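**Student:** Build me a model from this:
(chains A and B)
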There are 2 protein chains.
Amino acid sequence: MDTDRLLQQLTDFLRIPSVSTLPAHSADCRAAAEWVAAELRRLGCREVQFLASGTHPVVWGVGPEVPGAPTLLLYGHYDVQPPDPLDEWTTPPFQPSVRDGRLFARGAADDKGQVFCLLKAIEAAGRPPVNFRFLIEGEEEYGSRVLFDLLRREPERTRADAVLIADMAYVAPGWPAVYTALRGLCYAEITVRSAKSDLHSGEFGGAAPNAHEELLRLLGRLKGPDGKINIPGLYAAVKRPTKAELTTWRRLPFSETQFLKQRVQAKALAGLKQYSVLERLWALPTFEIHGVLGGFTGEGAKTVIPAEATAKVSLRLVPNQKLKTVERQLAAAVKRLVPRHVQASVRFLHGADPAVVPVDHPAFRLLDRAFREVVGRGTVAVRAGGSIPVVPALGKSGAPVVLTGIGLPDDRLHAPNEKLDLKQLWDGIAVFKRFYELLGQKRTASS
Amino acid sequence: MDTDRLLQQLTDFLRIPSVSTLPAHSADCRAAAEWVAAELRRLGCREVQFLASGTHPVVWGVGPEVPGAPTLLLYGHYDVQPPDPLDEWTTPPFQPSVRDGRLFARGAADDKGQVFCLLKAIEAAGRPPVNFRFLIEGEEEYGSRVLFDLLRREPERTRADAVLIADMAYVAPGWPAVYTALRGLCYAEITVRSAKSDLHSGEFGGAAPNAHEELLRLLGRLKGPDGKINIPGLYAAVKRPTKAELTTWRRLPFSETQFLKQRVQAKALAGLKQYSVLERLWALPTFEIHGVLGGFTGEGAKTVIPAEATAKVSLRLVPNQKLKTVERQLAAAVKRLVPRHVQASVRFLHGADPAVVPVDHPAFRLLDRAFREVVGRGTVAVRAGGSIPVVPALGKSGAPVVLTGIGLPDDRLHAPNEKLDLKQLWDGIAVFKRFYELLGQKRTASS
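**Tutor:** Residues are numbered from 1 along each chain as shown, chains lettered A, B, ... in the order given. This next block holds a predicted model:
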């Protein structure tokens, strides 16, 4: 492998600050889409198109025809999370930098590096061994609404013998994984208003309500210090993991102490202590506060009593929960928990149902074999705490969704100093190349 | 009075965005100081100087000599509060606009309009009737640290027969007031850190601590929903108002219902319900949250678990409390209330001791008479909820500090749509002119 050239190409891709949630980066998202489209053309695609191009476009590609071979749909995303807090990055997020065999950049692991891996594995295979289809979107970090709409209108885009998604990580170094479930997401802004305008704390302090105070009391009621979320009905739909799953999870090379010290890097874990950490991460809903707006947050001192305050929050949802239901439950809980003299409203920004992914299709055995041959260990079936909103829609045609990835658990997705280990990338290219070849050896009825 | 010309001049002063807490406005603060200096020169000052000119300068002036007449020190400030939230202003904060006989602008009442009033009353008197000294500072909204240091080094600046401060309001329309006490202030940033870096809520949600959550629990513990501040020792030093004060307060034209509906403009009042609203505003300490920083507060959705969160908070202090003691009490309470796995720190931004202002000096009778003659009612002695940090220092020379003002209770200080009623301004000029004349008729031993 000409790793120098590959590294240069990936660096070019990572340099583009394609932050989908920030309107200021619209042009960058388009540039990232163009980068993907150029790669698809280089791979000999018969068709390369920007779909839903009113927004960050979905890049659609149809690979060279391979008569009699199965069709494999590759999904990934070229958009990335915002990079702040910037001052915690050792090197700037959009100036990719290699240190100790690791490539640091926003998007290195989530998901540009993995999209790159899928594409370069085709290049490495020489003549494509299967019929490729590509759906590389630009709004994954923003709810994938565009792709959802597209797949509702044009479900035939997902018609394939298998769907391959590389947006995940090994469960531990040396332990490749396939994922059987993803958590969903319900992202919202909760706003409370306690007066008509901001007030002066000298004139009014002691007698006027303070929106920040009302908001924090509301948030404190929505989730107790024990980690329990006080949203009536929320836990009712939650399906406990099977005994087989719990057994597998207990056998994984996962240490709660190491997880705390090396990955969370805090003094204590949080959450529902009566459940194992993996169960809290994979099989239970969460409620997190991401940021709080309102009042005065500039430099220096302003003695204002804020009239309005907003919290950006989200819930992760687990199998059997429904986004629509949870939205209703959250809105009702806010209404119920806020005092009568305070106005509260909830605005839903985006969300996704949780996903359950059956792993019994033969394609999973081929991937297991590819990993075994290249890295010396097959895949273990686990769940994931994160969300890829479009996974259920990608499986709608009935094709198995193979959800895997080449990241490592310490890649710091969505956080400062996101990275991808280069060994994972080179191994990944070899693994996917082998998977494509194994899949190409199967002649299927549907192709 | 040539009110058109005066209004034009005040408008010029108000146009300068002299926001002392924001470094970006340093040059504007200097421009406002220059505006004041030019006025002092126009009044025939023998000496006009910028003191402590390394920062926003203190404008010092010595008026024309009036042999045998008392010396009156005028204090005010040319700096203003930040104007945000900008979108709640009907007209822009630094484009003064008159509607219904009211002048809307940041600083209209606090304190540029009142400084203007003091100066124009001298102009109106023709030949100055007393020996004037001027101390017009530019950091009142930022703690007056510069002026404090100056007065410690050069206490002779305050040597006078009386000090006049116009930075306050009538207690109700038609009810001029002098103030016997001001609340102090303790402004701080409380920061909690729960992990080394921000984390991804998909990967870590359910098991990682969230700094926003830890911060809100801490803030929720520092002040209960009943308005009681849970800082051990805080209330111990608080001196209850005298029976005479409570009687005066009960007789004021103050309605709690009107206060709620017309001024707070909320659905309910907050605070310690067992005390009257005026007692809560004037005689009890407060704890307010002004803003919360940390995590993600941009547009759109970012699913980050913040590792650090900071609240900008302040306490108002009442007579007998000491800033230094309260700082210690707050720091100790934060340490005690935060869980062991969370790091917390408190940074004190600025503060002021509360002030008690005796009102038994003859100068108060002269001001009472001036108000009686011009507006038809003498002054009532009340307290104030706000802080003018430098008041105690201005009285250090033993001169009585006459703390009064021409504002009205609905001037919306520190808030959007701050205003000054023009009738109050014109009356105020006549009142202070008369006060200067009455004071000038007294020959004092010290002059």
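
**Student:** What pLDDT does the model give A:Val357?
**Tutor:** For A:Val357, the pLDDT comes out at 93.

**Student:** What of the one 4 residues further on?
**Tutor:** For A:His361, the model assigns a pLDDT of 95.

**Student:** what residues are up against it?
**Tutor:** Under the criterion of C-beta atoms under 8 Å, 6 or more residues apart in numbering or on different chains, the contact list for A:His361 reads A:Ala162, A:Pro400. Using the backbone N, CA and C atoms, a C-beta is placed for each residue, glycine as well.

**Student:** One more pass at 6 Å, please.
**Tutor:** A:Pro400 (C-beta atoms under 6 Å, 6 or more residues apart in numbering or on different chains).

**Student:** Can you report phi and psi for it?
**Tutor:** phi -80, psi 150 (degrees, to the nearest 10).

**Student:** Also A:Ala331?
**Tutor:** Torsion angles, degrees, to the nearest 10, at A:Ala331: phi -60, psi -40.

**Student:** Over to A:Gly271?
**Tutor:** phi 100, psi -170.

**Student:** any idea what sits nearest it, other than its immediate chain neighbours?
**Tutor:** Nearest non-adjacent residue to A:Gly271, counting by C-beta to C-beta, 6 or more residues apart in numbering or on different chains: A:Gly227, 4.1 Å away.

**Student:** From A:Arg152, how far off is A:Glu373?
**Tutor:** 39 Å (C-beta to C-beta, to the nearest Å).

**Student:** more neighbours, the two?
**Tutor:** A count of neighbours by other C-beta atoms under 10 Å in any protein chain shown puts A:Glu373 above the other of A:Glu373 and A:Arg152, at 14 against 10.

**Student:** OK, contacts around that one?
**Tutor:** Counted by C-beta under 6 Å, 6+ apart, A:Glu373 has contacts A:Arg434.

**Student:** Helix, strand, or coil at it?
**Tutor:** Look at A:Glu373: counting by DSSP: H, G, I helix; E, B strand; the rest coil, its state is helix.

**Student:** Quick check: it vs A:Ala166, distance?
**Tutor:** 17 Å.

**Student:** Over to A:Asp360?
**Tutor:** In terms of C-beta to C-beta, A:Asp360 sits 20 Å off from A:Ala166.

**Student:** For the two, work out which one has more neighbours and name it.
**Tutor:** Each of A:Asp360 and A:Ala166 has its neighbours counted (other C-beta under 10 Å); A:Ala166 has more, 24 against 9.

**Student:** list the contacts for that one?
**Tutor:** Applying C-beta under 6 Å, 6+ apart, one finds that A:Ala166 lies in contact with A:Gln114, A:Leu118, A:Gly405.

**Student:** What of A:Val66?
**Tutor:** By C-beta under 6 Å, 6+ apart, the neighbours of A:Val66 are A:Pro128, A:Val130, A:Asn131.

**Student:** cutoff 7 Å now
**Tutor:** A:Pro128, A:Pro129, A:Val130, A:Asn131 (C-beta atoms under 7 Å, 6 or more residues apart in numbering or on different chains).

**Student:** same thing with A:Arg15?
**Tutor:** A:Arg15 touches A:Phe94, A:Pro96, counting by C-beta under 7 Å, 6+ apart.

**Student:** Tell me how far it lies from A:Gln9.
**Tutor:** A:Arg15 sits at a distance of 11 Å from A:Gln9 (criterion: C-beta to C-beta).
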